[in-house]
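Colleague: My questions concern the predicted model and sequence given below.
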Amino acid sequence: MVESTLSPNFRFLTRFVELTETQLLAQEEKGYIPIYLEYLDPSQFESLVKLVTSKFTKLRLTEHIQNLVFLIVKKNEEIGNRHNVYWQNYYDDLTSKEVASFLLAYKSSNHKQLFQLVAKPITGSVAVKDPRIARWMCETIYEKIENKDFPLGVFGEKIIFDLFGEGWNSTTEISIERLKKTAGLKPRKPTVRVKKLYVELCLYIQQYLNEHKIIPVPEGKFLTDRQANFFFDILETMGYLDRLRIESDPKDYIYAMFKNNIKGLSY
């Protein structure tokens, strides 16, 4: 969470923020606006301000610094919730799949077969080899989950529906069919949806850059190298990208991301 202030010139931002003349005059008299950011931490915000300040001081365009920082954080607050929801859904699916697979393995086991409970910490693996103790431990876990006696803050809320369906608020037992279905989930990382959010953010910033002829895009093109590098720096500063984890040049990564995800987006 970030609590700070910015001093954007809203007369440069009429395309992005609708204010009456009275509101503009009042804002100009005040000289700043408070900002409260949920989707950037203080170090990221500080790094973002330093990045934009450095870039636009070199370009001798310091009058645009506060405006751009304002637009970037404003748009990031809009997409931040969707970004988190996409990833949380993915991790919740993983949790449901893993828990269901564990419960299914226990319920499907044959009492005549060897049964152990194995844990694998980083230092190696340990096992409860006595089948009576191992089954008792698994049964305890199973009963806790079946009775819905587990922390949703740890397991996530989605597992309730995955294991119990619409009857989650009843005393319904977990069915083997439901376990098989949930264990068979194939969670997919939300990479495409997340990259579309990144492009959405970049296009939003690009509007301002083009409108004020700051490293503008020539006619017939959708991006320039300078803009692509700037967009990568912004996304990296906010923790979305990392140049050490990509194989291409940063600007080429942005070009490819635009090409693959720009469809359906426009400003």
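Modeller: Sure thing, it's come through.

Colleague: quick one: the helices in the stretch 1-150 of the chain?
Modeller: Under the criterion DSSP state H, counting those that start in this stretch, the stretch 1-150 of the chain contains helices at 21-30, 42-58, 65-107, 131-146.

Colleague: right, so these: which one is the most enclosed?
Modeller: Comparing these by mean neighbour count (mean count of other Cβ atoms under 10 Å), helix 65-107 comes out on top with a mean of 18. (Each C-beta comes from the backbone N, C-alpha and C, glycine too.)

Colleague: re earlier: need the helices of the stretch 1-150 of the chain in a markdown table with distance to residue 226 and mean pLDDT, can you?
Modeller: Formatted as a markdown table, the helices of the stretch 1-150 of the chain follow (distance: least, Cβ to Cβ, whole Å; pLDDT from 0 to 100):
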| stretch | distance to residue 226 | mean pLDDT |
| --- | --- | --- |
| helix 21-30 | 31 | 77 |
| helix 42-58 | 10 | 94 |
| helix 65-107 | 14 | 93 |
| helix 131-146 | 54 | 90 |
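
Colleague: Out of those helices, which is closest to residue 122?
Modeller: Residue 122 lies closest, by Cβ to Cβ, to one member of the helices of the stretch 1-150 of the chain: helix 65-107, at 17.9 Å.

Colleague: for that closest one, packing partners?
Modeller: strand 2-6, strand 33-37, helix 42-58, helix 131-146, helix 158-164, helix 176-183, helix 191-211 (3 or more Cβ pairs under 8 Å, 6 or more residues apart in numbering; DSSP states H and E).

Colleague: Switch those over to TSV; also include distance to residue 64.
Modeller: Converted to TSV, those look like this (distance: least, Cβ to Cβ, whole Å):
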stretch	distance to residue 64
strand 2-6	13
strand 33-37	16
helix 42-58	6
helix 131-146	55
helix 158-164	43
helix 176-183	51
helix 191-211	8
